[in-house]
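**Student:** Here you go, sequence then predicted model.
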Amino acid sequence: MFLCLMFLAPPPEKHKRMFTSLIKGLNSCRIAYALQENPIVYESLIQDFWMTASFDALEAEGKGALIAEIQKKTIVLTEQMIRKVLQFNDQETDPIELPAGTVEAILPRLSYEGKHPSLAKKFVHPYWHLLVHMFILCMTENRGGTDQLNITQSAALTCLITNEPFNYSKYIFESMKRNVKRVRKDKFLMYPRFLQMILSARYPELERSGNTLELKPMGPTCFGALTS
C-alpha cells in the first residue's frame, strides 16, 4: 500500500476499505493540521535559524527557549509557541515517555514481528507502513534512514494510534534542542515546515525572499486521488 502513495495509484480493490480508513484517520488525527499546512518555506530563514540557534535555559520562566537571529532580529522559540501554532491539542502536563509495557501492548495491533525497544517499519503490517513512514519523515529528528523509531518516537507513534495523551509540542521542542546542541558545523535543517509556520505566525515582519523548499502537504489534496 505504501507503493500506492509513491505512484499515486488507487489501492487494489481488496485493500481499498482498509486503506481508505487509514487515510481518513491520518486526515483527522492530532498531527493532521501541522502536516496539512502548506506554507512557502524560505530556505534562507530556515538556514539562518539553525546556524545561529542556541538554547537558553532561563528563558520562558525557566522552561527554556531556543534563541536565534534572523535578519538582525532576535527569534525566540518555546514549547508553548509550538503548541499554539502547530495545534497538536496537547497539554504541558502530558507525557513524552511511556512505560515499555505500554508500547509493547500496542505492537500486536500493528502485527509487529520484530523486537522492541526500537521499532522497525519493515516489521510492521503493510496496513501501517504509510503511517509509520510519514511519522518518521515528518515527526522525527532522524538525519537519514526511514525505518527505525527509537523508544520516545515509538511512544509518540503509539499515542497517535491509541489517541492517548502525549506532549507532541515538547517532543518536537526537545528534538530541536538536541539539534542545537550538536557540535557538527553542518546543522541538520530539521522541521522546515513547522519552523516556517512558527516564523510566519510569530514574526510576520521577516522578509521572505530567495530560494524556497518544496514540501508536499500530507493532507486531503495529497491523498484524494488514492481513495477515489
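**Tutor:** The structure has been received and is ready for your questions.
**Student:** check contacts around T78.
**Tutor:** For T78, the contact set (C-beta atoms under 8 Å, 6 or more residues apart in numbering) comprises E59, A60, K63, G64, A65, L66, F173. Every residue, glycine included, has its C-beta placed from N, CA and C.
**Student:** Can you tell me the element I136 falls in?
**Tutor:** helix 126-139 (DSSP states H and E).
**Student:** so how far is that helix from its chain's centroid?
**Tutor:** In terms of C-alpha atoms, centre = their mean, to the nearest Å, the centre of helix 126-139 is found 11 Å from the chain centre.
**Student:** and that helix, what other elements does it pack with?
**Tutor:** On a contact count with 3 or more C-beta pairs under 8 Å, 6 or more residues apart in numbering; DSSP states H and E, helix 126-139 meets helix 2-7, helix 13-28, strand 148-149, helix 151-162, helix 168-181.
**Student:** what's the average pLDDT for it?
**Tutor:** Taken as a whole, helix 126-139 carries a mean pLDDT of 83.
**Student:** next one: stretch 206-220
**Tutor:** Averaging pLDDT along stretch 206-220 gives 81.
**Student:** Mind listing residues that contact it?
**Tutor:** Contacts for stretch 206-220 (C-beta under 8 Å, 6+ apart): 26-27, 32, 35-38, 40-46, 70-71, 73, 134, 138, 192-193, 199, 222.
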